[in-house]
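*Asks:* Sequence and computational prediction follow.
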4 protein chains.
Amino acid sequence: MSRLNFGLIGAGRIGRIHAENLVRHVPKANLETVVDLSLEAAERCAADFQIPSFSCDFEKILNNKLIDAVVICSGTPTHTDLIIGAASAGKHIFCEKPIALDLQQIDKAIQAVSDKQVKLQVGFNRRFDPSFRQVRDLVAAGKIGEPHIVRLTSRDPKPPSAEYVKASGGIFLDMTIHDFDMCRFLVADEVEELYATGTTLIDQAIGEAGDLDTALVTLRYGSGTLGTIDNSRRAVYGYDQRVEVFGSEGQVVVGNNTAHQAVYSNAQGVHGPLPLYFFLERYQESYIAEMNSFIEAVVNDSSTPVDGTDGRKAVVMGLAAWKSHSVNQPVIIDYDQ
Amino acid sequence: MSRLNFGLIGAGRIGRIHAENLVRHVPKANLETVVDLSLEAAERCAADFQIPSFSCDFEKILNNKLIDAVVICSGTPTHTDLIIGAASAGKHIFCEKPIALDLQQIDKAIQAVSDKQVKLQVGFNRRFDPSFRQVRDLVAAGKIGEPHIVRLTSRDPKPPSAEYVKASGGIFLDMTIHDFDMCRFLVADEVEELYATGTTLIDQAIGEAGDLDTALVTLRYGSGTLGTIDNSRRAVYGYDQRVEVFGSEGQVVVGNNTAHQAVYSNAQGVHGPLPLYFFLERYQESYIAEMNSFIEAVVNDSSTPVDGTDGRKAVVMGLAAWKSHSVNQPVIIDYDQ
Amino acid sequence: MSRLNFGLIGAGRIGRIHAENLVRHVPKANLETVVDLSLEAAERCAADFQIPSFSCDFEKILNNKLIDAVVICSGTPTHTDLIIGAASAGKHIFCEKPIALDLQQIDKAIQAVSDKQVKLQVGFNRRFDPSFRQVRDLVAAGKIGEPHIVRLTSRDPKPPSAEYVKASGGIFLDMTIHDFDMCRFLVADEVEELYATGTTLIDQAIGEAGDLDTALVTLRYGSGTLGTIDNSRRAVYGYDQRVEVFGSEGQVVVGNNTAHQAVYSNAQGVHGPLPLYFFLERYQESYIAEMNSFIEAVVNDSSTPVDGTDGRKAVVMGLAAWKSHSVNQPVIIDYDQ
Amino acid sequence: MSRLNFGLIGAGRIGRIHAENLVRHVPKANLETVVDLSLEAAERCAADFQIPSFSCDFEKILNNKLIDAVVICSGTPTHTDLIIGAASAGKHIFCEKPIALDLQQIDKAIQAVSDKQVKLQVGFNRRFDPSFRQVRDLVAAGKIGEPHIVRLTSRDPKPPSAEYVKASGGIFLDMTIHDFDMCRFLVADEVEELYATGTTLIDQAIGEAGDLDTALVTLRYGSGTLGTIDNSRRAVYGYDQRVEVFGSEGQVVVGNNTAHQAVYSNAQGVHGPLPLYFFLERYQESYIAEMNSFIEAVVNDSSTPVDGTDGRKAVVMGLAAWKSHSVNQPVIIDYDQ
């Protein structure tokens, strides 16, 4: 099989991760070009990863007949226009999360994708982590019976800047959104109601920017399964990413990954390694695996494992969480809004 | 030092645990007599644990000048009258949880204890578990900094009968009440608001009796700390008793205890032992330790480690949880009601 | 059933452990009397554990018709005479390890026990530890198939005094002897050849006393199974007691026990509790269980779980280890010497 | 920096691992050509990993001026001639272990490398595993004080064919050789004496080929540190690769790596994942890291982390183990032979 030709849009942190993976670790991909509003960023990215061309003009990718697929890693506000443009140009689309913060924009993008019959995959990379996938597989195989309680812990090692926070959609749309997708992924059921509460215990600047840094969300699925998500913007011991699914016949639990397995005992205690520091380290494999899955969907003309509807539902949940928090009451989630 | 003379009231399951411990494992105790409404139960208990006398008449204990302290293990509805009677007779009191399901009755009992200057300890035995105590000590020593998130998991290996459930006060007053006490014990702060949700996923008879078998409670402490409790009446893998306290400087986590440490690997996987089956096995040490602490408080005329106010607060929280569940909204907890 | 009446011989450290267990934790035992060469030690032991009588005259126990069984905890050189005396008096015998350091003395004691048809159990308490028993049961049930490799680690938290060492028979007869018994217990096979090597890395005084403080023993069983034992007189992190049995169908591994389960994470690492400090803490349960098994054997007139032959074989192995060490060559073990 | 140009010699299993890594995961390498006695194997390797040229003539690489370094993955008997040829051609050399089974041949190769001032690195990849490196670093930093006991477990998931075994040098030169290198790596000391014992418990054909499938080696280092290595050709639960270093101030232990972290509990037990299957999975990172280190040594003109002397010492130890096994006695290791 020949390789799929990619154009990368956005050469920031996550863009560079995808660039490195497409060039080095995804044999079926060929990264042809990179575009960024900053020509300098595009050029540096091209140089660092041996990408043949670069530009600061998005149109160049859309008009480039060689390009089969785009990877959208630019700022969230640009996502839906880029999706619509790429779809019109007949290009398949991998788009970072969230698709957008506005549901009507998301709907337009999904419509364009549907009309043009291109593939769209949203960057919920955690679904491709081997441990979480193992949980999902065990649950799907009925190994825990009927799911009763889902518990997700997701804590960052350090808070983002207040600057970042302002444009992010806030904790529920920026951080919890991964957990909202995960809670749907692990058990094949939709959350019907949620109650979100939170506070600012870490950085007052985050509170002043109108956001939270510590949050708890209670979930009720359609089948009656209950769930809980806890988030913190700063765990001093590193990136804390754990899930549990408990059911009528058993439980599956995933703990943290570490850089090594050496355990040191001295007179003071038994000391193990910290969790891997942050998402780059923790989810390295998953970023590669999601790209392989996207290529497979394109090549086989099958549905992508995280489509536009999945991307939209996580945003609906994030918006519901903000509403719940503002009224301090549980809210029914309206996916049809 | 001479031993403290005890009279045991109630020779049911938990009464027999305390009988065995007082006779065999608490050297400073002398169990003089046991009383139960069922003379047969009292007699069997006396025979099994070499207790010198038995009776079916509670008054006998109260009038017995030899008795220094009573251990109340009879049905919850009898607790407050027995406390008041024992206090009037100048006897120190160890009372199983909950003190009562009615706050006014609890207040009368606390008043009697205060008036008669006797000691009252409530049977929140989990506080005396070495692992949970270690968590409390680390938190109190500032090792995790400011507490941000408390997570408690408490799941039974098998559901009680619908019969039992009817008289129990329901899940929040019968089962979660231990967690309500634990969440106060682990961090030195009071819960100001809670949101309780639950459902019936295990046994419809429990639902028909007006109770829940699966529940989630979200907590907000005065300082802003958030908490979550999850309960199930049936974990097929055994009694699941875990706590976590996460804070600005670290985290402490307690997993389950097992009967042995042997881990077996074969071609199918790496297989470890199940958690200890239920509270008798899991909290064996804590039942002994709480009795030693009670004796120490009596002997030193110091305050008991779990007093009437502690017992009352857990009931207030349980009642608040039922209220929250009935209106499906978070409720502010009024400890002064 | 009526209780078995015991007389305790020797009120030192291990004697006091058995005294406390017989009085408090073994309901079927009645500890009638304690004897020690030091009347003061006997009196203190009697006072501490409510033993009705005490003495400094061993004959008193042997002549006491009330006594059904003796527990021999006196110095090793006194063991065989006491066993022979007790057997002649028709008393059952629980004797601490080693029976003796001299095989002919051991043979005389075993003969006396056999002639008088009394029970003899040797104090290899580790066989009664729930984790090691679980290993043995899994091996016996064929869960690991044919045993291929046995690994035992046994390290003390602190070295004994050079004084103690001189009378102890040295590391292989004082410390490794437990592992020699364990390696026979875990797999139902005898060691035919061993190679013992050792050195003095911890305390030069131990070396000057002619002993070792660090040792490795390689084992070859009759069936071809290989084994290794490593010993140290000082593990700064506490009493390290681990076993592994590896076979054609799997492996069983036992790690250390801890005082609690609390795991603390901070910016420096993930910190768990140390192993329990020493044998008193680690093997508490096993000392009680071995006594229950002894009583059961007496009451049911069945064979004891660790008999004189077991006690003798461990000594033969210890002597072989010293021989191997002195010639620095593997030696064939002659159990018939 | 420009890339280092490589030629690969040998396109078998390990050769293909290095090919894939050099092409995909080692950005500073450029794999120019591959040579194998089988033209077909060379061609397939070139096609699979986009290597520009291939051949069945070793001379082509040696005469190719573009090539800076060779990676020798051909059969062991060819190693020393290829090293000498490559050195003469001024090429740096990465050679798979063992250099040779004959010490005089090894000495000639080392001499050639020294004369021609090229770099030689031997493929003891396990030194580059993050966990073992962490052990080494902690030991080197004095965290465990003086090393007292080293324990290595190294077991394959399935035995090689009797065919393979015949040409391999036997278990001590084919399999234990990795452990011989590891025991030198972990503590900065040389083994002076060893005792090797072994047997055939898994596959009689291995025994008939004159080899062992289960082995134990006891080590004595110059400083008095003791060590033990246990090997099996078949652990049904997967590749078992563990090390422990115990010393005067503590211990470091490394357990196995797994493909995921999901732990499943049901009514039968708590079930974790198996160790990674074999060396390809377990040591994936280490194969990349060793190549990066080799390139670094070449570029910086510094010494390689595993040089010819290291490669020779492991062979001396393997030969000593065979000698010890044949006489069933410990042997002093003569590194100067």
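*Replies:* Arrived safely, thanks for sending. Numbering: from 1, shown residues only, chains lettered A, B, ... in the order given.

*Asks:* lowest-pLDDT helix or strand in chain A?
*Replies:* Lowest by mean pLDDT, DSSP states H and E among the helices and strands of chain A is helix A:162-167, with a mean of 87.

*Asks:* Remind me what it packs against, helices and strands.
*Replies:* helix A:204-208 (3 or more C-beta pairs under 8 Å, 6 or more residues apart in numbering or on different chains; DSSP states H and E). To be clear about C-beta, it is placed using only N, CA and C from the backbone, and glycine gets the same treatment.

*Asks:* List every C-alpha atom in the helix it packs on, with coordinates, as PDB.
*Replies:* Only the C-alpha atoms of helix A:204-208 are listed here, as PDB (Å, rounded to 0.1, in the frame of the first residue of the first chain):
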ATOM      1  CA  GLN A 204      -6.500  32.300  42.600                       C
ATOM      2  CA  ALA A 205      -5.700  33.700  39.100                       C
ATOM      3  CA  ILE A 206      -7.600  30.800  37.700                       C
ATOM      4  CA  GLY A 207     -10.600  31.700  39.800                       C
ATOM      5  CA  GLU A 208     -10.300  35.400  38.800                       C
END
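
*Asks:* going on from that helix, what's the next piece of helix or strand?
*Replies:* strand A:214-221 (DSSP states H and E).

*Asks:* Now do that next one: distance to the chain's middle.
*Replies:* Distance of strand A:214-221 from its chain centroid, counting by C-alpha atoms, centre = their mean, to the nearest Å, is 18 Å.

*Asks:* go on, stretch A:180-193?
*Replies:* So, by C-alpha atoms, centre = their mean, the centroid of stretch A:180-193 is 14 Å from its chain's centroid.

*Asks:* So what touches the least confident helix or strand of chain A?
*Replies:* A:Gly75, A:Thr76, A:Asp174, A:Asp203, A:Ala205, A:Ile206, A:Glu208, A:Ala209, A:Gly210, A:Asp211 (C-beta atoms under 8 Å, 6 or more residues apart in numbering or on different chains).

*Asks:* looking just at contacts, which helices and strands does the helix or strand following that helix meet?
*Replies:* Heading C-terminal from helix A:162-167, the first helix or strand you meet, by DSSP H and E, is helix A:171-174. Applying 3+ C-beta pairs under 8 Å, 6+ apart, we find helix A:171-174 packed against strand A:214-221, helix A:308-327.

*Asks:* Please look at A:Gln337 and A:Gln104 and confirm they touch.
*Replies:* No - using C-beta atoms under 8 Å, A:Gln337 is not in contact with A:Gln104; the gap is 9.7 Å.

*Asks:* ok, back up a step: return the member of the contacts of helix A:162-167 nearest to C:Val139.
*Replies:* C:Val139 has its nearest neighbour among the contacts of helix A:162-167 in A:Asp174, at 53.8 Å by C-beta to C-beta.

*Asks:* ok, that closest one to chain C distance?
*Replies:* 24 Å (C-beta to the nearest C-beta, to the nearest Å).

*Asks:* can you tell me how far A:Glu281 sits from chain B?
*Replies:* 19 Å.

*Asks:* Then A:Leu120?
*Replies:* In terms of C-beta to the nearest C-beta, A:Leu120 sits 34 Å off from chain B.

*Asks:* what does A:Asn30 give?
*Replies:* Separation of A:Asn30 from chain B (C-beta to the nearest C-beta) stands at 40 Å.

*Asks:* Kindly report the same for A:Gln50.
*Replies:* From A:Gln50 to chain B the distance is 42 Å (C-beta to the nearest C-beta).

*Asks:* how about that residue, what does it touch?
*Replies:* Counting by C-beta under 8 Å, 6+ apart, A:Gln50 has contacts A:Val23.

*Asks:* pLDDT wise, what is it at?
*Replies:* Listed pLDDT for A:Gln50 reads 92.

*Asks:* residues from the stretch 1-150 of chain A in reach of chain D?
*Replies:* Applying C-beta under 8 Å from any C-beta of the partner chain, we find that the stretch 1-150 of chain A lies next to chain D at A:Arg24, A:His25, A:Pro27, A:Pro130, A:Ser131, A:Arg133, A:Gln134, A:Val135, A:Leu138, A:Lys143, A:Ile144.

*Asks:* Now go through those and say which are in helices.
*Replies:* In helices, judged by DSSP state H, the following of these are found: A:Pro130, A:Ser131, A:Arg133, A:Gln134, A:Val135, A:Leu138.

*Asks:* Quick check: which element contains the closest residue to the first one other than its chain neighbours?
*Replies:* Excluding its sequence neighbours, the residue lying closest to A:Pro130 (C-beta to C-beta, 6 or more residues apart in numbering or on different chains) is D:His260, at 4.2 Å. When elements are defined using DSSP H and E, D:His260 is found to belong to no helix and no strand.

*Asks:* Out of the ones in helices among the residues of the stretch 1-150 of chain A next to chain D, give me the one that has the most neighbours.
*Replies:* Highest neighbour count within these, by other C-beta atoms under 10 Å in any protein chain shown: A:Val135, with 29 neighbours.

*Asks:* A:Val187 is in contact with that one, correct?
*Replies:* No - with contact defined as C-beta under 8 Å, A:Val135 does not count as touching A:Val187 (9.5 Å).

*Asks:* just the ones in helices among the residues of the stretch 1-150 of chain A next to chain D now: which is nearest chain C?
*Replies:* A:Ser131 (17.4 Å; C-beta to the nearest C-beta).

*Asks:* and that closest one, how far is that from chain B?
*Replies:* In terms of C-beta to the nearest C-beta, A:Ser131 sits 15 Å off from chain B.

*Asks:* isn't there a helix covering A:Ser302?
*Replies:* No - counting by DSSP: H, G, I helix; E, B strand; the rest coil, A:Ser302 is located in no helix; its state is coil.
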